[in-house]
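Asker: Let's see this in three dimensions:
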Amino acid sequence: MGAKAKESEASPLKLLVGVAGIFGAFMYYGQLQGDIVRYKDADGAKLEREWFIQVLEASANVAVGLAGLVLSQGGPSPGIPLASFFVTGSTQVLAKAMTQKAQIFGVPFFVATLVKNAKMVPVMLGAIALSGTRYPARKWCQVGMIIGGVVLVTVGKSKAPSSAAKSDTENLGLLCLALSLTCDGITGGQQTAFKAAYKKKHGKGLQSYDLMLFTNFAMLCIAVAASLALDQLFSGAAFLAANPPLMTAAAKFAFCSAIGQSAIFFTMANFDPLVTTTVTTTRKIFSVLLDIVSRGHVLNPTQWSGVALASLGVAAELQEKFGGKKGHGKKT
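Answerer: The predicted model follows:
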């Protein structure tokens, strides 16, 4: 009955709306993120306040999530597990902040995106360590392709003689991405656990805008606390006020994040999860290519082979889902 209902809700127009929202919002989001990182004022100063950016982004998502919750659900689901949302919100906002910090350290957006596609690595390692899960060779090959592609992109570039300091800074950026990946792995496991527990207790799962609103509310609280502790909140606001072009870019950035998340939830509500996975996965590949072209990154053959290898790894994961193969591993 539920499957028939969902099938009747689906339409080419709704799919077009979902695809346009996800592609349009998140591809522009990536470009704006690069603009914010690169922006310099008249004195050459940069914003470089990753936690302040998280405050802006989470605020927009809370506003849109609240509107969606009221308009589409009429209010929150009963018994919202706020403590669980704060646990996952803390790791999720740390992951996003570290991705932003990596770009501040000089890691290009397209490299950060490729690295983030390897978020299954900490999930798999955690499952192996905690529950003895075994994964098939295909899954390891997919992971190896993505990691190998990232390695080729990062180590395959030609280094100028005077670039040692810059290289050290980029290495710090890669460490930030490693921390971000670890947080992604923790977030995924925790979200799966508390959503299953909620469904078991209440007989039905949390709805899409429950997840969007309360996750981002937790992220906002943590981002505000971190930005205050690191003296980024008021100094960041002052920097934006003194630089109207940057303020405009930051507002668009936050808005695109909220619209993109809403588009994902809209697609999830109207189509099979595989459709959402297909759209978001292909969007990541196009975001990588767009950043390379729009920013004028000049890649040598080794780096292009890395981009191709990582993209094939992502595509292989997608094909696995299309083929209906369960590569999630078995518990021993």
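
Asker: Find the least confident helix or strand in the protein, judged by mean pLDDT.
Answerer: Taking mean pLDDT, DSSP states H and E as the measure, helix 2-9 is the helix or strand of the chain with the lowest mean score, a mean of 47.

Asker: What strand or helix carries Ser262?
Answerer: Ser262 is located in helix 244-270, with elements delineated by DSSP states H and E.

Asker: before we move on, the earlier item: give the next helix or strand downstream of the least confident helix or strand of the chain.
Answerer: Assignment by DSSP H and E places the next element after helix 2-9 at helix 12-38.

Asker: Next one: Val224 from Val153, what distance?
Answerer: Val224 sits 35 Å away from Val153, going by CB to CB, to the nearest Å. The way it works is simple: take the backbone N, C-alpha and C, and place the C-beta from them, glycine included.

Asker: Also Gly236?
Answerer: When distance is defined by CB to CB, Gly236 is 31 Å away from Val153.

Asker: So those two - more neighbours on which side?
Answerer: Set side by side, Gly236 and Val153 show more neighbours around Val153, with 25 against 22, by other CB atoms under 10 Å.

Asker: Spatially nearest residue to that one, not counting backbone neighbours?
Answerer: Nearest residue to Val153 in three dimensions, chain neighbours excluded: Gly306, at 3.8 Å (CB to CB, 6 or more residues apart in numbering).

Asker: Assign the one you found to helix, strand or coil.
Answerer: helix (DSSP: H, G, I helix; E, B strand; the rest coil).

Asker: Make residue 1 into 42 and carry on from there
Answerer: Sounds good: first residue 42 from here, last item Gly347.

Asker: what angle sits between the helix or strand hosting Ala153 and helix 53-79?
Answerer: Applying DSSP H and E as the criterion places Ala153 in helix 150-157. Here helix 150-157 runs at an angle of 120 degrees relative to helix 53-79 (axes from the mean of the first three to the mean of the last three CA atoms, to 10 degrees).

Asker: correct me, but Ile227 touches Leu135?
Answerer: No - Ile227 lies out of contact with Leu135 (CB atoms under 8 Å); the separation is 9.3 Å.

Asker: And the strands in the stretch 92-241 of the chain?
Answerer: Applying DSSP state E, counting those that start in this stretch to the stretch 92-241 of the chain gives strands spanning 174-175.

Asker: Any stretches of it with poor pLDDT?
Answerer: Across the stretch 92-241 of the chain, the stretches falling below the confidence threshold (pLDDT under 70) are 167-168, 170-172, 198-208.

Asker: Show me the helices in it, by range?
Answerer: Here the stretch 92-241 of the chain has its helices, by DSSP state H, counting those that start in this stretch, at 123-145, 150-157, 161-172, 178-196, 205-243.

Asker: Using a markdown table, lay out those together with distance to Leu271.
Answerer: Supplementary listing: the helices of the stretch 92-241 of the chain in a markdown table, determined by distance: least, CB to CB, whole Å:
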| stretch | distance to Leu271 |
| --- | --- |
| helix 123-145 | 10 |
| helix 150-157 | 21 |
| helix 161-172 | 25 |
| helix 178-196 | 28 |
| helix 205-243 | 15 |
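
Asker: most tightly surrounded among those?
Answerer: helix 150-157 (a mean of 24; mean count of other CB atoms under 10 Å).

Asker: by contact count, what packs against it?
Answerer: helix 53-79, helix 123-145, helix 178-196, helix 205-243, helix 314-335, helix 342-363 (3 or more CB pairs under 8 Å, 6 or more residues apart in numbering; DSSP states H and E).

Asker: coming back round to it: for the residue nearest to Val194, what are its contacts?
Answerer: For Gly347, the contact set (CB atoms under 8 Å, 6 or more residues apart in numbering) comprises Leu155, Gly189, Gly190, Val191, Val192, Leu193, Val194, Thr195, Gly197.

Asker: Let's see that with 7 Å instead.
Answerer: Neighbouring residues of Gly347 by CB atoms under 7 Å, 6 or more residues apart in numbering: Gly190, Val191, Val192, Leu193, Val194, Gly197.

Asker: For Phe296, see how far away the residue found closest to Gly71 once you drop the neighbours it is linked to in the chain is.
Answerer: Taking CB to CB, 6+ apart as the measure, Gly71 lies nearest to Ser328, with 4.9 Å between them; neighbours along the chain are not counted. When CB to CB is applied, the distance between Ser328 and Phe296 equals 17 Å.

Asker: for Thr228, same thing?
Answerer: The span separating Thr228 from Phe296 equals 24 Å under the rule CB to CB.
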